[in-house]
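Peer 1: Give me coordinates for this.
(chains A and B)
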Protein chains: 2
Amino acid sequence: MAKFMDVHRSMKGITAEALQEAHQADVDIQGDEGVDFQHAWADPDSGMVFCLAEAPSADAVRRIHERAGHPADDVYPLPVEV
Amino acid sequence: MAKFMDVHRSMKGITAEALQEAHQADVDIQGDEGVDFQHAWADPDSGMVFCLAEAPSADAVRRIHERAGHPADDVYPLPVEV
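Peer 2: Numbers count the residues shown, from 1 in each chain, chains lettered A, B, ... in the order given. As a prediction, this is how the structure comes out:
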């Protein structure tokens, strides 16, 4: 398992409720790909959303987000952290 | 205090040691602006670095990163999280 940050750039106006619903939609199916979405942060003004996950691959993260209805614009592996 | 994610896009090849040094340079002076850098994640292949902080403002985050020698490309407030 490795860590990944994925980024969504088009979620302007996202509310706390909408972020919670989107996150739950991921969590509901994440086990199919061995993904663990750990945290999500949103900036409603810019539309940026950042999701931190542990997963077997970036493609696994992409597939869960796509199936949940909110494809990620980018997925970055995070081999280095502090 | 609010949460912020700042993004650096030009840190290709960053090592664990370099990220630790950069983070420490922030921590050494963050008290001047009331900033608390909590976590940093890096993707050496793309050069992306994400830093999570609590701070009184985005400008406070920018000033600490600038003074530490690694200005952020973007700083996003994170009023919504899950």
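
Peer 1: what pLDDT does the residue nearest in space to the middle of chain A get?
Peer 2: Residue closest to the average C-alpha location in chain A (C-alpha atoms, centre = their mean): residue A:51, at 3.8 Å. pLDDT for residue A:51: 98.

Peer 1: Give me the distance between it and residue B:81.
Peer 2: As judged by C-beta to C-beta, to the nearest Å, residue A:51 and residue B:81 stand 10 Å apart. (C-beta placed from N, C-alpha, C; glycine too.)

Peer 1: Equivalent analysis for residue A:70, please.
Peer 2: According to C-beta to C-beta, residue A:70 stands 16 Å off from residue B:81.

Peer 1: Dihedrals phi and psi, residue A:12?
Peer 2: When read as degrees, to the nearest 10, the backbone of residue A:12 gives phi -60, psi 140.

Peer 1: again, but for residue A:79
Peer 2: For residue A:79, the backbone dihedrals are phi -70, psi -10 (criterion: degrees, to the nearest 10).

Peer 1: what's the burial count for it?
Peer 2: Residue A:79: 13 surrounding residues under other C-beta atoms under 10 Å in any protein chain shown.

Peer 1: Please apply the same query to the one 3 residues further on.
Peer 2: When counting by other C-beta under 10 Å, one arrives at 17 neighbours for residue A:82.

Peer 1: wait, doesn't it sit right on residue B:37?
Peer 2: No: the criterion here is C-beta atoms under 8 Å, and residue A:82 misses it with residue B:37 at 9.2 Å.

Peer 1: joint contacts of residue A:51 and residue B:81?
Peer 2: Contact with both residue A:51 and residue B:81 is made by residues A:39-40, according to C-beta atoms under 8 Å, 6 or more residues apart in numbering or on different chains.

Peer 1: Between strand B:48-55 and the strand or helix carrying the residue nearest to the centre of chain A, find me the angle.
Peer 2: Element membership of residue A:51 [criterion: DSSP states H and E] is strand A:48-55. Relative orientation of strand A:48-55 and strand B:48-55, computed by axes from the mean of the first three to the mean of the last three C-alpha atoms, to 10 degrees: 110 degrees.

Peer 1: before we move on, back to that, mind listing the shared neighbours of residue A:82 and residue B:37?
Peer 2: residue B:23.

Peer 1: counting contacts, what elements does the longest helix along chain A pack onto?
Peer 2: Scanning chain A for the longest helix, with DSSP state H as the assignment, gives helix A:16-29. Applying 3 or more C-beta pairs under 8 Å, 6 or more residues apart in numbering or on different chains; DSSP states H and E, we find helix A:16-29 packed against strand A:36-43, strand A:48-55, helix A:58-67, strand B:80-81.
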